[in-house]
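S.K.: starting from these lines, generate the structure:
(2 chains)
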Amino acid sequence: MQIHFTTKERNLIVTIEGEVDHHTSVEIREKVDREFQKRRARNIIFDFTNIQFMDSSGIGVLMGRYRNVMILGGDIALYGVGDQVDRVLSISGIYKIMKNYDSMDEAILNLA
Amino acid sequence: MRQNNVMELSFLSLSENQSFARATVAAFVSQLDPTLEELSDIKTAVSEAVTNSIIHGYENKKGIVKLICSYQDKDVEIKVKDEGLGIANIEEAREPLYTSKPELERSGMGFTVMESFMDSVEIESKVGEGTTILMRKKIKKQS
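M.R.: So this is what the prediction gives:
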């Protein structure tokens, strides 16, 4: 699993490559929280384009980040969600609180 | 043609083994020529069951997780077994969003995912003795 960060305005873009399970989610959580604080971001946008696998550990990560960001008046968006991840996310009902967009630009536009 | 096959895997309850376990089951089941969706459903369910054994069964202490996978014709059966703490209340554990470990940011969706992605999920557990999860899925015949 690899994770990269970029900032666009006050959006923290988190690009995750590889597999998200309980093992990798510990590292994802720590790194995202650290970068979110360090860069004084408002929103988090997750780029899921290169995720090959995710189990329910990923739902926990997203819900936890949502809580942190919400308190500070921010929001969360996703883009590039593939079929396998989409089936896991759909079951959880998480799309009620965060949407999946086709591209980063579309996500940024909708969070503004 | 009727085909039977079985494989068994024992590994230490380390979280880095989650990926190895689901990839091994996927490789084994691939012999049945499943669709990509069927294969990723099975991988996801195995990942959930193995995670349960590691973080709930053994609470991140060392133990052995046993994975037995078999198929008969197109009927796949997967058993994930631990000799850990066991589940006191199985009905509660099955409920969506229920987690005994909110501090780990677990979503409580593990059993819900297993039940959604497999045809059936049975849980056998005894406190102090361990838990066995038995999952079944029929691979559809491809035209």
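
S.K.: got the contact list for the lengthiest strand in chain A?
M.R.: Longest strand in chain A by number of residues, with DSSP state E as the criterion: strand A:11-20. Under the criterion CB atoms under 8 Å, 6 or more residues apart in numbering or on different chains, residues A:1-7, A:24, A:28, A:32, A:35-36, A:39, A:41-55, A:57-58, A:61, A:104, A:107-108, A:111, B:19 lie in contact with strand A:11-20. Glycine gets a C-beta too; all of them are placed from N, C-alpha and C.

S.K.: which members of these are classed as buried?
M.R.: Neighbour-count burial (16 or more other CB atoms under 10 Å in any protein chain shown) applied to the contacts of strand A:11-20 gives A:1, A:5, A:24, A:28, A:32, A:35-36, A:41-48, A:51, A:53-55, A:57-58, A:61, A:104, A:107-108, A:111, B:19.

S.K.: out of these, list just those in helices.
M.R.: Judged by DSSP state H, helices contain the following of the buried ones among the contacts of strand A:11-20: A:24, A:28, A:32, A:35-36, A:57-58, A:61, A:104, A:107-108, A:111, B:19.

S.K.: so which of those is the closest to B:Ala49?
M.R.: A:Ser57 (13.0 Å; CB to CB).

S.K.: ok, that closest one to chain B distance?
M.R.: According to CB to the nearest CB, to the nearest Å, A:Ser57 and chain B sit 7 Å apart.

S.K.: right, and that residue touches A:Ile28 too?
M.R.: No - A:Ser57 lies out of contact with A:Ile28 (CB atoms under 8 Å); the separation is 9.0 Å.

S.K.: one step back: next, format the ones in helices among the buried ones among the contacts of strand A:11-20 as TSV and append pLDDT.
M.R.: TSV is the format used below for these (pLDDT from 0 to 100):
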residue	pLDDT
A:Thr24	96
A:Ile28	97
A:Val32	98
A:Glu35	98
A:Phe36	97
A:Ser57	96
A:Gly58	97
A:Val61	96
A:Met104	96
A:Ala107	97
A:Ile108	96
A:Leu111	92
B:Ser19	96
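
S.K.: which residues does the residue most central in space within chain A contact?
M.R.: Central residue of chain A (CA atoms, centre = their mean): A:Phe46, 3.2 Å from the mean position. Contact partners of A:Phe46, counting by CB under 8 Å, 6+ apart, are A:14, A:16, A:62, A:76-79.

S.K.: let's see it at 7 Å
M.R.: A:14, A:16, A:78 (CB atoms under 7 Å, 6 or more residues apart in numbering or on different chains).

S.K.: show me what the last one is bridged to.
M.R.: A:Leu78 has the following beta-bridge partners by DSSP bridges: A:Phe46, A:Asn100.

S.K.: and the helix or strand containing B:Lys137, what does it pack against?
M.R.: Element membership of B:Lys137, judged by DSSP states H and E, is strand B:130-138. Using 3 or more CB pairs under 7 Å, 6 or more residues apart in numbering or on different chains; DSSP states H and E as the contact test, the elements touching strand B:130-138 are helix B:36-51, strand B:75-82, strand B:120-126.

S.K.: can you tell if the last one touches chain A?
M.R.: Pointing back at strand B:120-126 there. No - Strand B:120-126 is not in contact with chain A by CB under 7 Å from any CB of the partner chain; minimum separation 13.7 Å.

S.K.: distance from the chain centre to that strand, please.
M.R.: When C-alpha coordinates are averaged (CA atoms, centre = their mean, to the nearest Å), strand B:120-126 and its chain have centres 10 Å apart.
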